[in-house]
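Trainee: Provided below for reference: sequence and predicted model.
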Amino acid sequence: MRILAIPVLALLAVAGRAAGQDIPATPEQLKYGKLNWEVPTADQHRSVLKNGMIVYAIEDRSLPKTDLSITLRAGSFWEPEGKEGLASMAGSVMRTGGTEKTAAEALDERLEFLAIQLGVSIGDTQANANLGVLTKDLDEGLKLLAEVLSKPAFRQDKIDLYKAQSMNSMRARNDSPNSIEARESTLLLYGDYPVNRHATKASVDSITREDLAAFHKRFFHPSNMIVAAAGDFAKADFLARLEKAFGDWPTPAPEKVTVPKVAHAPKPGVFCFQALQNVPQGRVTIGHPGIDYNHPDAFPVRIMSYIFGQGGFSSRLVKVVRTDAGLAYSVGCSYTPGITYTGTFRMAFQSKSESCLYAAKLCLQELARMQKEDVSADELKGAINFYLDAFPSLFFSTPSQTAGTLAAAEFNGFPKDYYTSYRSKIAAVTAADVKRVANDHMKPANLVYVVVGTLAAIKGGDGQHDIKIEEFGPVQDVPLPDPMTLKRPSTP
């Protein structure tokens, strides 16, 4: 007997007609019901423990596990002078060095046996601890987390191991054009600001166990912590377990530290850095200081930046520099308003050395066009719809992400209506707003150019376009610093 193969689409069409439904000819004609979704509010999930620890806890029974993160105000911004690298070392050795009760090897074995994920890290202005644990092991997971955070041993052998690994990382600081570009552009844009105080061999060598213990004692207190948790628990029961795990930790009022304001005014110009090896592609960053998240223009700037270069393949920079001219695989911009301290506006691309100058000129031409012309209705609609459509997935796609978003909002001091008013502020942006903020917040005369690569090839151009590097501003060749001391060789 011959069996007829009926296409799947045909079967679906028959099924649709049989059910009395009209199947649209194209996906664009699909119609969806109204999505009734409200932004979660902090009050419905926020609790405060007796020790002052703030907790955002959300029940999620989808898997037999709990994910928890703790954020606190601590970081390299408050390292003593000459002790650069202390914060990062403290975060690492808190986890690897064991505790006063449990040796490092025993802790590792126990965590591995129970498949518990436990980590600690300390960045520039905040520290984080994370725990992932199965429901059946929640009590022990919380106990071990509290033990690591409250009673770290800071074993000397683990300190020595961390120092040795740090030295290896330092030696490679100038090996990658990417790392050179990131370090030098941030230095030029922020100047003498804590974000640019990097560890050196001398500073890391000087750090003692006593320094680590003092840093820990200064910042690590329950009343300095905000917890975000989601998992397979009843909220009241989870809070009781958390209270039990952290309850015997003395909690004096933590030192109130503040993030200093950025006062540096970058010097415009072109700053060139020769890569250690001749490379076929150059890396270029072009930018200047930006704005904070609480600036009145923060939302129009987001839309402007998306259209200009932050929106991937739909953005102007990608279309002009990559798609049309074929000059760069990677090109775009970022103008994300700063949260803890002032952000930056940056255009960046990687291109064949000889085409870097032409690619830079195309970026500037697009910047000028953003300032002179209104964006199209389609561009504006696309940018706004991205933020509106992506809003839940950016901040509230899972219970764990929701808890983290609410905790971060309190940690960063966001207004209570920040997320409830987010979409209306995005939807209210007009083409006139985009043009205005392009003129107000992108300043061609203030641009700092960071060029990394084979400088002779970059400066020589492509031979087809009459562009000189001096057209972008005063040019300065800057020697790379010694990777271990970060001191630059003297120049004539």
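Mentor: That came through, no problem.

Trainee: tally of neighbours for Val279?
Mentor: Neighbour count of Val279, defined by other CB atoms under 10 Å: 14. Every C-beta, even on glycine, is put in place using the N, C-alpha and C of the backbone.

Trainee: Ok, Arg423 next?
Mentor: Per other CB under 10 Å, the neighbour tally for Arg423 reads 15.

Trainee: you'd agree it is in a strand?
Mentor: No: per DSSP: H, G, I helix; E, B strand; the rest coil, Arg423 lies outside any strand segment and is helix.

Trainee: Name all residues that make contact with it.
Mentor: Counting by CB atoms under 8 Å, 6 or more residues apart in numbering, Arg423 makes contact with 387-388, 391.

Trainee: Quickly note the distance from it to Glu28.
Mentor: Applying CB to CB, to the nearest Å, the value for Arg423 to Glu28 is 23 Å.

Trainee: His295 contacts Pro337, doesn't it?
Mentor: Yes: shown here, His295 and Pro337 form a contact pair, counting by CB atoms under 8 Å, at 6.3 Å.

Trainee: residues bridging contact with those two, i.e. touching both?
Mentor: In contact with both His295 and Pro337: Val301, using CB under 8 Å, 6+ apart.

Trainee: before we move on, back to that, so, if you compare the contacts of Arg423, which one comes nearest to Phe215?
Mentor: Closest to Phe215 out of the contacts of Arg423 is Phe391 (38.1 Å), distances taken as CB to CB.

Trainee: which residue packs closest to that closest one, ignoring adjacent ones?
Mentor: Spatial nearest neighbour of Phe391, excluding adjacent residues (CB to CB, 6 or more residues apart in numbering): Arg423 at 5.8 Å.

Trainee: gap between the one you found and Phe308?
Mentor: Distance from Arg423 to Phe308, by CB to CB: 21 Å.

Trainee: same check, this time on Ala236
Mentor: Separation of Ala236 from Phe308 (CB to CB): 49 Å.

Trainee: who has more neighbours, these two?
Mentor: Using other CB under 10 Å as the criterion, Ala236 and Phe308 rank with Phe308 on top: 28 against 10.

Trainee: That one is in contact with Arg369, isn't it?
Mentor: No: contact criterion CB under 8 Å: Phe308 and Arg369 do not qualify, at 9.4 Å.

Trainee: what does the longest helix along the chain rub up against?
Mentor: Scanning the chain for the helix with the most residues, using DSSP state H, yields helix 377-395. If you take CB under 8 Å, 6+ apart as the criterion, helix 377-395 is touched by 37, 302-303, 306-307, 311, 314, 401-402, 405, 419, 422-423, 426-427, 429-431, 434.

Trainee: which residues touch the strand or helix carrying Thr66?
Mentor: Following DSSP states H and E, one finds Thr66 within strand 65-72. The contact list for strand 65-72 (CB under 8 Å, 6+ apart) reads 126-135, 138, 141-142, 145, 149, 219-220, 224-233, 238, 400, 404, 407-408, 411.
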